[in-house]
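Trainee: got a structure for you, letters missing:
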């Protein structure tokens, strides 16, 4: 397990050194210069996460509409748009890492 932990640490360091991660952190710093806007974005992201993981589907369409309007409004703000794009790039990179790891150990996980 020591070898795995060491390699995980190396992977974390590689991610932190990547241009994708550096851009994400840079955009996060810019966004955090406006605490009210940063909090609004955090709330939007939390609401979006809850919607995607909500088991009660009864009000889902309405909530999706509300979030879509909020996203459209937030995306008009250049620093928010840049931050969300950078976050998406980082998430996609992490997904590729997880997919590559899963495929490399030949773990059969169904495609979604």
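Mentor: Now that the structure is in, tell me what you want to look at. Please read these numbers as outputs of a predicted model, since none were measured by experiment. Numbers count the residues shown, from 1 in each chain.
Trainee: Mind listing what's buried along the helix or strand hosting residue 36?
Mentor: Here residue 36 sits within helix 35-53, counting by DSSP states H and E. Applying a neighbour-count criterion of 16 or more other C-beta atoms under 10 Å, one finds 37-38, 40-41, 44, 48 buried in helix 35-53. Backbone N, C-alpha and C define where each C-beta goes, glycine included.
Trainee: again with stretch 50-65
Mentor: Quick answer for stretch 50-65 (16+ other C-beta under 10 Å): residue 63.
Trainee: can you list contacts of it?
Mentor: Residues outside stretch 50-65 that contact it (C-beta atoms under 8 Å, 6 or more residues apart in numbering) are 47, 67.
Trainee: next one: stretch 26-40
Mentor: 41, 74, 77, 79-80, 82-83, 85-87.
Trainee: just how off-centre is that stretch within its chain?
Mentor: Computed by C-alpha atoms, centre = their mean, to the nearest Å, the chain-centroid distance of stretch 26-40 equals 15 Å.
Trainee: so which of the contacts of stretch 26-40 would you say is closest to residue 19?
Mentor: The closest of those to residue 19 turns out to be residue 86 (C-beta to C-beta; 10.4 Å).
Trainee: measure residue 15 to residue 33 for me?
Mentor: Distance, residue 15 to residue 33, using C-beta to C-beta, to the nearest Å: 24 Å.
Trainee: cool, residue 76 as well?
Mentor: 18 Å.
Trainee: and if you look at residue 70?
Mentor: 21 Å.
Trainee: which of the two has more neighbours?
Mentor: A direct count of neighbours by other C-beta atoms under 10 Å for residue 70 and residue 33 places residue 70 higher, at 16 against 9.
Trainee: Tell me the spacing between the more buried one and residue 24.
Mentor: Taking C-beta to C-beta, one finds residue 70 at 21 Å from residue 24.
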